[in-house]
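> quick one: sequence plus predicted model below, questions after.
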Amino acid sequence: MGKRVLVALGGNAILQSGQRGTFAEQLENVRITARQIVRMLQEGHEIVVTHGNGPQVGAILIRHELGSAKVPAMPMDVCGGESQGFIGYMFCQSLHNEMAKAGLVGHDPVCVVTQVEVDPADPAFANPAKPVGPFYTEEQAKARAAATGEHWIEDSGRGWRRVVPSPDPKRIVEAGAVVKLIEAGCVVVASGGGGIPVMRLEDGQLKGVEAVIDKDLAGERLAQAVGADVFMVLTDVPQVALDFRTPQERWLGEVSASEMERYQSEGHFRAGSMGPKVAAALRFVRNGGERAVIACLDEALEALEGRAGTRIVRD
């Protein structure tokens, strides 16, 4: 039987290392992804897509900064919405075209610009740590901080960057609409870049906040909200590794959640790399998901069928 699968893609799968970031380059990368998704649809699976937006929203922030002398720069939540729109457009067009080539009908691709609710009391708001946007000199950064109240740090000897909170996602605001679209047969692209972070005010109104939500953790929250059987993270390595890039490197196939938690506690997965992916995968399985898969993009169907990637299963 087909599975309901949440497919999470990194922003670097859309804009790859060494590329300039032209629309044509990014569209071609998305087309490659779309072909993999069509393969899964042909096998009878229901697919929901989420994606990263790190390189894309970084470029949007730079454009806003450079143009701010002529038009007002937009806040982080608006920039996130912009990235969801143009990446969603690329996915919907590419999926439409690849489905047409394959003779596949009845799976209309739809992009939902998605808000993700966060807790105003999340400790991340007291400790902004996620670098965003362009680099500045120390003098420029301190002047900005004094004028706006923004938080800035020196980033690895490369200059000064603004940092914003990265709160834990609590709820997908548009989850009900996404479920209805899935049930209608659509392939839904949602919660791109971790979604637009919003807070719920005392009167029930939503308000955007200057923050960045981890896309894998938001993807896991979306997977739970839509009742996905499988949470699949597609990246640029074939499997999760222990002692990565050392002589003792070991690749993981199928592992239990308890085994993976032990490896996690031993410090095998770095915070800026595999760490969030493993954390999201474990959260999905511990929250009742059938299994989580971490695999490379060009082996998506094989990983879904248990023939590739790292598969994390219940104990």
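Right, received. Where do you want to start? As the structure is a prediction and not an experimental result, all values here were calculated from the model. Residues are numbered from 1 along each chain as shown.
> and the gap between the spatially most central residue of the chain and Leu61?
Residue closest to the mean C-alpha point of the chain, counted by Cα atoms, centre = their mean, is Lys215 at 3.0 Å. Per Cβ to Cβ, to the nearest Å, Lys215 is found 16 Å from Leu61. No exception for glycine: its C-beta is placed from N, CA and C like everyone else's.
> kindly report the same for Leu27.
Counting by Cβ to Cβ - Leu27 and Leu61 are separated by 21 Å.
> more neighbours, these two?
Just comparing Leu27 and Leu61: by other Cβ atoms under 10 Å the higher neighbour count belongs to Leu61, 20 against 15.
> so who does the more buried one touch?
Neighbouring residues of Leu61 by Cβ atoms under 8 Å, 6 or more residues apart in numbering: Met76, Cys79, Val132, Gly133, Pro134.
> please repeat the previous calculation with a cut-off of 7 Å.
Cys79, Val132, Gly133, Pro134 (Cβ atoms under 7 Å, 6 or more residues apart in numbering).
> buried subset of the residues you listed as a ChimeraX selection?
Buried residues among the contacts of Leu61 (16 or more other Cβ atoms under 10 Å), as a ChimeraX selection:
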select :79,132,133
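> Gly309: which of the contacts of Leu61 is nearest?
Nearest to Gly309 among the contacts of Leu61, counting by Cβ to Cβ, is Val132 at 30.4 Å.
> from memory the closest one sits against Pro165, does it?
No: contact criterion Cβ atoms under 7 Å: Val132 and Pro165 do not qualify, at 10.7 Å.
> what do the two both touch?
If you check Val132 and Pro165 against Cβ under 7 Å, 6+ apart, no residue is contacted by both.
> how near is Phe269 to Met232?
Relative to Met232, Phe269 is positioned 17 Å away (Cβ to Cβ).
> and for Met74?
Distance from Met74 to Met232, by Cβ to Cβ: 32 Å.
> what of Ile182?
For Ile182 relative to Met232 (Cβ to Cβ), the value is 15 Å.
> and the strands in the stretch 151-300 of the chain?
151-154, 160-164, 169-172, 187-190, 196-200, 206-208, 230-235, 241-242, 250-251, 254-256, 291-296 (DSSP state E, counting those that start in this stretch).
> got the contact list for stretch 24-33?
Leu9, Ala13, Ile14, Leu15, Gln16, Gln19, Met90, Phe91, Ser94, Glu98, Leu297.
> one more: stretch 99-111?
Counting by Cβ under 7 Å, 6+ apart, residues outside stretch 99-111 touching it are 38, 41-42, 88-89, 91-92, 95-96, 181, 185-189.
> recalculate using a threshold of 10 Å.
Outside stretch 99-111, the residues within contact range by Cβ atoms under 10 Å, 6 or more residues apart in numbering are 34-35, 37-39, 41-42, 46-47, 49, 84-98, 177-178, 181-182, 184-190, 192.
> about what we covered before: higher neighbour count, Ile182 and Met232?
With neighbours defined as other Cβ under 10 Å, Ile182 and Met232 compare such that Met232 has more, 27 against 20.
> nearest spatial neighbour of that one, skipping sequence neighbours?
Among residues not flanking Met232 along the chain, Val293 sits closest, at 4.5 Å (Cβ to Cβ, 6 or more residues apart in numbering).
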